[in-house]
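>>> coordinates only, sequence not included:
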């Protein structure tokens, strides 16, 4: 019980810190994060794996959880394969997050919002849904790189 309480306090404290560290849109890091997050959506929409290679940190600690995921995908190789699979399932994709909310704490940042996903499967079936999304970025040098992506399908 004590361990559970300590974990919860730690998480709550971290969330308070992230909330307290929000910056205005004229902050250079906010602008860089907006650009990075837009580049991520553009790479997905273009089905561009080479662009994802630039946007993501490429180490064993990165992770992703997609709407159809049953477990967290861990490590750059597995995350990259998950995008290859998504692109194989959807020859046409459009992803857009309007009005993202950005919270920065030191060299970490959360970008949260709702993505609009539109895709067309190989058989012509059109899939469209809203996906509440959290993207976690880490600042390495002067670049913000994606270290975690979590998107879930909103109830319809």
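Sure thing, it's come through. The model shown is predicted, which means the values in this text are computed figures rather than measured ones.
>>> end to end on stretch 113-131, go ahead and measure it.
8 Å (Cα to Cα, to the nearest Å).
>>> what does stretch 62-76 give?
Start-to-end span of stretch 62-76 (Cα to Cα) is 6 Å.
>>> buried stuff in it?
By neighbour count on 16 or more other Cβ atoms under 10 Å, the buried set for stretch 62-76 is 62-67, 73, 76. In short, each C-beta sits where N, CA and C put it, glycine included.
>>> any weak-confidence spans in this protein?
1-25 (pLDDT under 70).
>>> can you map out the strands along this structure?
Assigned strands in the chain, in chain order: 63-65, 73-74, 92-97, 101-105, 108-120, 126-140, 143-151 (criterion: DSSP state E).
>>> closest one to residue 43 among these?
Among those, the nearest to residue 43 by Cβ to Cβ is strand 92-97 (9.0 Å).
>>> list the neighbouring strands of the closest one plus their orientation.
According to DSSP bridges, strand 92-97 has the following sheet partners: strand 108-120 (antiparallel).
>>> and the direction of the partner strand versus that of strand 101-105, what angle?
Interaxial angle, strand 108-120 versus strand 101-105 (axes from the mean of the first three to the mean of the last three Cα atoms, to 10 degrees): 150 degrees.
>>> so which of the strands of the chain comes closest to residue 38?
The closest of the strands of the chain to residue 38 is strand 92-97. By Cβ to Cβ, the value is 8.2 Å.
>>> can you list the buried residues in the closest one?
By neighbour count with 16+ other Cβ under 10 Å, strand 92-97 contains the buried residues 93-95, 97.
>>> what comes into contact with that strand?
Contacts to strand 92-97, defined as Cβ atoms under 8 Å, 6 or more residues apart in numbering, come from residues 37, 41, 44-45, 47, 86-87, 111, 113-120, 133.
>>> thanks a lot, see you next time.
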